[in-house]
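>>> Following is a predicted model, sequence given first.
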Amino acid sequence: MTLAAGIGGMIFILTAFILDEFVPAFNQNTWRYNAMNILGSGLLAYYAFTIKGWPFLILNLVWLIVATIKSVEILTRQ
């Protein structure tokens, strides 16, 4: 289950990155991009916690917080 969370998180973040690079309508200022980063970093943070990967945990917690703040900003502008 832990490995599945890590793989799922990786897929969400990489998919968001690839779409941001190649699909103009899918970028850092869309809630969809940030939602994928929230899901991905949350799953990766869980994975990092379970394997005691502390630097990786901190990285993903910061990523999660930033994506959440950005999502709130985007949704409140609409």
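Cool, got the structure.

>>> where does Asn29 fall, helix, sheet strand or coil?
On the three-state scheme (DSSP: H, G, I helix; E, B strand; the rest coil), Asn29 is labelled coil.

>>> Work out which residue lies at the spatial centre of this protein.
Closest to where the C-alpha atoms of the chain average out (CA atoms, centre = their mean) is Asn37, at 1.9 Å.

>>> contact partners of stretch 67-76?
28-31, 34-35, 37-38, 41 (CB atoms under 8 Å, 6 or more residues apart in numbering). Backbone N, C-alpha and C define where each C-beta goes, glycine included.

>>> repeat that for 6 Å
Taking contacts as CB atoms under 6 Å, 6 or more residues apart in numbering, the residues outside stretch 67-76 that touch it are 31, 34, 37-38.

>>> Now those in JSON lines, please, with extra columns for distance to Pro24.
Conversion of the contacts of stretch 67-76 to JSON lines gives the following (distance: CB to CB, whole Å):
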{"residue": "Trp31", "distance to Pro24": "16"}
{"residue": "Asn34", "distance to Pro24": "17"}
{"residue": "Asn37", "distance to Pro24": "18"}
{"residue": "Ile38", "distance to Pro24": "22"}
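
>>> Nothing else from me, thank you.
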